[in-house]
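Enquirer: how would this look folded up:
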Amino acid sequence: MCENIESVPDWLNEHFLEKNLRNHFKNDEINVINFNVNVATAKEGRSVYRVTVSFGVSLVGEENCHLIVKEASSIADYLDASSKEISFYDEIVAKFNEKLDDVGEPELFPEVFGVCKEKNLITLGDLSAKGYQILPANRGFNIFEAKSILKRMAVFHAISAVLQEEDANIFANYKYGRLCRETNQIYAENLKVVTDVVSKWPNFAVYAEKLRRLYGEIIERAHQTYDVNPNHFNTLNHDSLCSEHLMVRTENSTEDSPIENTVFIGFQHSCWGSPTLDLHYFLNTSIDEAYRPQRFDELVLFYYEHLVNFLKQLKYKNRIPIWTEFQNQYHERNILGFIFSCLVEPFNDILVNNEVELKARRDFYKDETTQANLRNIILYYDQLGTFD
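Expert: Numbers count the residues shown, from 1 in each chain. Next comes the predicted model:
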């Protein structure tokens, strides 16, 4: 029986938990003895339940299990967010896990206990019980941490490329990413705010003018980066790899290896396309601003070397792009780096276009450190010809 039944929905009962436990452990003799539920509300209003279950197994005795039961994402249903997330955990994770074993890499996802498509529910192992945590969103990753995560990104991309090589339709439904043609393009309004800020800086009039010229084309240019180019190397992208979707374990860390392992969660934006989508998003939103953008080239090369290594270990049969080709694919999408760093990441919690929100956006750039970072990013992307 449940120990705090008043706060628990009717469907979260012994039968539901037994079904998931039996599915995961492949044992129909499992019986739930009791369970405890803590309720939390995740981003976008989804309900998330942390469940501790005591269950009995014939000839073994009583065991405990820690679970997360969550509603699949309800955001942007026109982008198939919830169905993608459910299908990823239900159909794709097991295939990834087989390939992870082939290259000797540790777990990359939570354990999947089951999904309920009728109620849009996903039951996963509770990673916090295994020592994983989500680091604060305002804490950027240092270089050693970033490289550890980029290696995990490389194996994620490499495995997806091999899976698609084995089954051309496996990711056919993963069409819509963060800035694809079907999404809300509020970041275009943020460009006007940034341009207004930049126009007031001494000696930056030329850059403000270049940003103004982007007004009529930035949405289409962003769309083009998400359009799949069949002549490029393509993979499944997570498309939201930032601190809130990265659970890290640091128990056995060292200064040079501060993260023991990283697990990815939250696949509602996942889409097929160039892996440089994930690179631009992660580098421009999640590493410490002290390393942006001057360490980008080093980090992209680090990622590429691990990507190639994993593809070779997995016996990828298609052609692997050489470094200069991959580098060109990355730089062809530099507009994404600018959008993510200057127009999306600073305003993630400001999503409505009215005078109050516009003032909040302008106020964000009153901070001197924030302005200094914006100057560096604009100069960097201008030198690469991004605004021309």
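Enquirer: quick one: the helices in the stretch 151-300 of the chain, in order.
Expert: Read by DSSP state H, counting those that start in this stretch, the stretch 151-300 of the chain holds these helices, from start to end of the chain: 187-199, 205-213, 218-226, 276-285, 296-313.
Enquirer: which of these is buried the deepest?
Expert: Mean neighbours per residue, mean count of other CB atoms under 10 Å, is largest over those for helix 276-285, with a mean of 25. Quick note: C-beta positions are derived from backbone N, CA and C, even for glycine.
Enquirer: restricting to C-alpha, output that helix in PDB.
Expert: As requested, C-alpha coordinates have been extracted for helix 276-285 and formatted as PDB (Å, rounded to 0.1, in the frame of the first residue of the first chain):
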ATOM      1  CA  THR A 276      26.900  20.300 -35.100                       C
ATOM      2  CA  LEU A 277      23.400  21.400 -33.900                       C
ATOM      3  CA  ASP A 278      24.200  19.800 -30.500                       C
ATOM      4  CA  LEU A 279      27.700  21.200 -30.500                       C
ATOM      5  CA  HIS A 280      26.600  24.800 -31.100                       C
ATOM      6  CA  TYR A 281      23.900  24.500 -28.500                       C
ATOM      7  CA  PHE A 282      26.100  23.000 -25.800                       C
ATOM      8  CA  LEU A 283      29.200  25.300 -26.400                       C
ATOM      9  CA  ASN A 284      27.200  28.500 -26.500                       C
ATOM     10  CA  THR A 285      24.900  27.800 -23.600                       C
END
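Enquirer: okay, the angle between that helix and helix 218-226?
Expert: What separates the directions of helix 276-285 and helix 218-226 is an angle of 120 degrees, with axes from the mean of the first three to the mean of the last three CA atoms, to 10 degrees.
Enquirer: how about residues contacting helix 276-285?
Expert: Helix 276-285 is touched from outside by 146, 149-150, 153, 157, 177-178, 225-226, 237-242, 271, 292-293, 296, 299-300, 303, 326, 329-330, 332-334, 336-338, 340-341, 344-345, 377, with contacts defined as CB atoms under 8 Å, 6 or more residues apart in numbering.
Enquirer: pass me the low-pLDDT residue ranges in the stretch 151-300 of the chain, would you?
Expert: Applying pLDDT under 70 to the stretch 151-300 of the chain picks out residues 182-185.
Enquirer: which residues in the stretch 1-150 of the chain form helices?
Expert: 14-25, 81-87, 93-102, 143-166.
Enquirer: outline the domain layout of this structure.
Expert: The chain breaks down into these structural domains: 5-71, 131-383 (assignment by automatic domain parsing).
Enquirer: nearest to A81, out of those?
Expert: In terms of CB to CB, the element of the domains of the chain nearest to A81 is domain 131-383, at 3.9 Å.
Enquirer: start to end distance for that closest one?
Expert: With CA to CA, to the nearest Å as the measure, domain 131-383 spans 43 Å from end to end.
Enquirer: and what of stretch 242-251?
Expert: 21 Å.
Enquirer: and that stretch, what's buried?
Expert: 242-250 (16 or more other CB atoms under 10 Å).
Enquirer: redo these as a markdown table? Include distance to H280.
Expert: Listed next are those as a markdown table, based on distance: CB to CB, whole Å:
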| residue | distance to H280 |
| --- | --- |
| C242 | 12 |
| S243 | 16 |
| E244 | 18 |
| H245 | 16 |
| L246 | 16 |
| M247 | 22 |
| V248 | 21 |
| R249 | 26 |
| T250 | 26 |
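Enquirer: burial check on V263, number of neighbours?
Expert: Under the neighbour criterion other CB atoms under 10 Å, V263 is assigned a count of 19.
Enquirer: ok so, going back, which one of the domains of the chain is the most hemmed in?
Expert: Of all the domains of the chain, domain 131-383 has the most neighbours on average by mean count of other CB under 10 Å, namely a mean of 18.
Enquirer: any chance you could map the strands in the chain?
Expert: Counting by DSSP state E, the segments of the chain that form strands are 31-41, 47-57, 61-71, 112-116, 121-125, 132-133, 235-237, 246-249, 261-264, 271-273.
Enquirer: list the strands paired with the second one, with their directions.
Expert: Going back to what we said before, that points to strand 47-57. Strand 47-57 has the following sheet partners, assigned by DSSP bridges: strand 31-41 (antiparallel), strand 61-71 (antiparallel).
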